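# attaching a predicted model along with its sequence, questions to come.
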Amino acid sequence: MPRTGRIVLPGYPHHVVQRGHNRQTVFAKAADFQRYLDDLRELKDQLGVRVHAYCLMTNHVHLLLTPADDPSSLGRLMKVLAARATRYRNRLESRSGTLWEGRVDRCPFENKVDLSLHFGRGIEHRHRARASTSRRKNKSVPFFAG
């Protein structure tokens, strides 16, 4: 049975979450975070997707993205971004297989108010609080909004 289509609203912000398969580490070093961000910067321009905010954790990412006129640009961005990260990690670790878990979770926001600050504070606060109380320290790249 085919998958149901995703609702993508051009011009509206979407909260996108992509998790590492079995909660495995996706970003082990600072260079891994930087490579992902470099790819994100390149692809957002090519595909016409605006990046409002991001929070990269060691085993998953949160992005606040707005696709322009083409609703398929959001899916294409995430597909290429995931493929590049997977090839990079597989090459580094001399392995094969998937890096990411299932489909990307995404949810559009219904109104166009500036959600960057609200989004960022919520994600950053929740993850820092959880990391400080857990045995595993979940490192993250500093939050960006803008």
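Yes, it's here. Residues are numbered from 1 along each chain as shown.
# make it CA atoms for all contacts and neighbour counts henceforth
Fine.
# which outside residues touch stretch 9-20?
26, 59-71, 99-101, 103-112 (Cα atoms under 8 Å, 6 or more residues apart in numbering).
# could I have the buried ones of those residues as ChimeraX selection syntax?
Restricted to buried positions by 16 or more other Cα atoms under 10 Å, the ChimeraX selection for the contacts of stretch 9-20 reads:
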select :26,59,60,61,62,63,64,65,66,67,68,71,99,100,106,107,108
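# SS state for the residue nearest the centre of the chain?
By Cα atoms, centre = their mean, the chain has its centre lying nearest to residue 61, at 3.9 Å. Three-state call for residue 61 (DSSP: H, G, I helix; E, B strand; the rest coil): strand.
# which residues touch it?
Residue 61 sits next to 16, 17, 18, 19, 54, 55 when contact means Cα under 8 Å, 6+ apart.
# pLDDT weak spots in this structure?
Under the criterion pLDDT under 70, the flagged ranges of the chain are 1-5, 110-146.
# from residue 85, how far out is the closest residue to residue 101 other than its chain neighbours?
Counting by Cα to Cα, 6 or more residues apart in numbering, the nearest residue to residue 101 once its immediate chain neighbours are dropped is residue 21, at 4.1 Å. Going from residue 21 to residue 85 by Cα to Cα, to the nearest Å gives 13 Å.
# which one of these two is surrounded by more residues?
A direct count of neighbours by other Cα atoms under 10 Å for residue 21 and residue 85 places residue 85 higher, at 21 against 15.
# that one against residue 36, yeah?
Yes - assessed by Cα atoms under 8 Å, residue 85 is found in contact with residue 36 at 6.7 Å.
# what touches both of residue 21 and residue 85?
In contact with both residue 21 and residue 85: residue 99, using Cα under 8 Å, 6+ apart.
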